[in-house]
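Novice: below is the sequence, then the predicted model.
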Amino acid sequence: KNQVEQSPQSLIILEGKNCTLQCNYTVSPFSNLRWYKQDTGRGPVSLTIMTFSENTKSNGRYTATLDADTKQSSLHITASQLSDSASYICVVSDRGSTLGRLYFGRGTQLTVWP
Amino acid sequence: EADIYQTPRYLVIGTGKKITLECSQTMGHDKMYWYQQDPGMELHLIHYSYGVNSTEKGDLSSESTVSRIRTEHFPLTLESARPSHTSQYLCASSEGTGPDNEQFFGPGTRLTVL
């Protein structure tokens, strides 16, 4: 069964600190993995996309890693800011679907305190 | 920021009412989607469309219906709302077929049925 599991479910950190969010997936055949940021009351916005051959990709203070062998990904946030408070969702696409079928994790709710 | 709009943003109605959630995009995308999202849970696909006059049901059974008469417009209708329909509804669109095409999300409609 294709699944995406994220941990931790929620996380509280102080402004300026770093944190790492985890994503494990069983989606097969794998096409790509995206990390989305969803602010409260808003739709998700894509932060990064990683394909099978990519190990690391950065977008400003966000760095995503992918280990396709172990089917794990992480999102590292550096020097957190109050505006980073949001839900971070791991989304995996399967290569066998013409629809572009997406499998969503439940998200990690990040709260950054001043 | 993606040009995809949803109205209303918030809706509180009584049981038995008929409602239509509006979704419009100005990007000329052929593919559009409706997702349902409950707090702390993953997004579930309830409807999708490949283009004008094309609509399909998603993975999650839903009593709602959709139509796609114009490329830019993908409304969702509930003929008789019930408390079990209380949820957040997210509309999305993508440019083409295949898993590599990013889905752009609207801000969502939070529906409460009393």
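Specialist: Perfect, I can see it now.
Novice: tell me, how many residues neighbour residue 64?
Specialist: Chain wasn't specified; assuming chain A. Counted with other C-beta atoms under 10 Å in any protein chain shown, residues neighbouring residue A:64 total 24. C-beta: built from backbone N, CA, C; applies to glycine.
Novice: meant chain B actually
Specialist: Residue B:64 has 19 neighbours, counted by other C-beta under 10 Å.
Novice: repeat that for the one 4 residues further on.
Specialist: Other residues near residue B:68 number 20, with proximity taken as other C-beta under 10 Å.
Novice: same check, this time on the one 4 residues further on
Specialist: Under the neighbour criterion other C-beta under 10 Å, residue B:72 is assigned a count of 18.
Novice: same question, residue A:57
Specialist: So residue A:57, with other C-beta under 10 Å, has 17 neighbours.
Novice: for it, give me its contacts.
Specialist: A:48, A:49, A:50, A:63, A:64 (C-beta atoms under 8 Å, 6 or more residues apart in numbering or on different chains).
Novice: compare those residues and tell me which is most surrounded.
Specialist: Neighbour-wise, these (other C-beta under 10 Å) top out at residue A:64, 24 neighbours.
Novice: which one is that one nearest to, not counting chain neighbours?
Specialist: In space, not counting the residues next to it along the chain, residue A:64 is nearest to residue A:48; the distance is 4.3 Å by C-beta to C-beta, 6 or more residues apart in numbering or on different chains.
Novice: the one you found and chain B: what is the separation?
Specialist: Look at residue A:48 and chain B: by C-beta to the nearest C-beta, to the nearest Å, they are 11 Å apart.
Novice: so that residue is in which element?
Specialist: Using DSSP states H and E, residue A:48 falls within strand A:45-51.
Novice: ok, residues contacting that strand?
Specialist: Applying C-beta under 8 Å, 6+ apart, the set of residues contacting strand A:45-51 from outside is A:31-39, A:57-59, A:62, A:64, A:66, A:73, A:75, A:88, B:1-2, B:100, B:102, B:105.
Novice: ok, then the element right after it?
Specialist: strand A:56-59.
Novice: need the residues of chain A near chain B, please.
Specialist: Residues of chain A lying close to chain B by C-beta under 8 Å from any C-beta of the partner chain are A:4, A:9, A:31-32, A:34, A:41-46, A:49, A:51, A:89, A:93-95, A:97-102, A:104-107, A:109.
Novice: ok so, going back, report the distance from the strand holding residue A:48 to the chain centre.
Specialist: In terms of C-alpha atoms, centre = their mean, to the nearest Å, the gap separating the centre of strand A:45-51 from the centre of its chain is 8 Å.
Novice: and the average pLDDT for that strand is what?
Specialist: Regarding strand A:45-51, the rounded mean pLDDT is 92.
Novice: name the strands paired with that strand and say parallel or antiparallel.
Specialist: Strand A:45-51 has the following sheet partners, assigned by DSSP bridges: strand A:30-38 (antiparallel).
Novice: list the buried residues of the strand it pairs with.
Specialist: Residues A:30, A:31, A:32, A:33, A:34, A:35, A:36, A:37, A:38 are the ones in strand A:30-38 that count as buried (16 or more other C-beta atoms under 10 Å in any protein chain shown).
Novice: now distance to residue B:22 too, for those residues, in JSON lines please.
Specialist: Formatted as JSON lines, those follow (distance: C-beta to C-beta, whole Å):
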{"residue": "A:30", "distance to residue B:22": "35"}
{"residue": "A:31", "distance to residue B:22": "31"}
{"residue": "A:32", "distance to residue B:22": "30"}
{"residue": "A:33", "distance to residue B:22": "31"}
{"residue": "A:34", "distance to residue B:22": "26"}
{"residue": "A:35", "distance to residue B:22": "29"}
{"residue": "A:36", "distance to residue B:22": "23"}
{"residue": "A:37", "distance to residue B:22": "25"}
{"residue": "A:38", "distance to residue B:22": "21"}
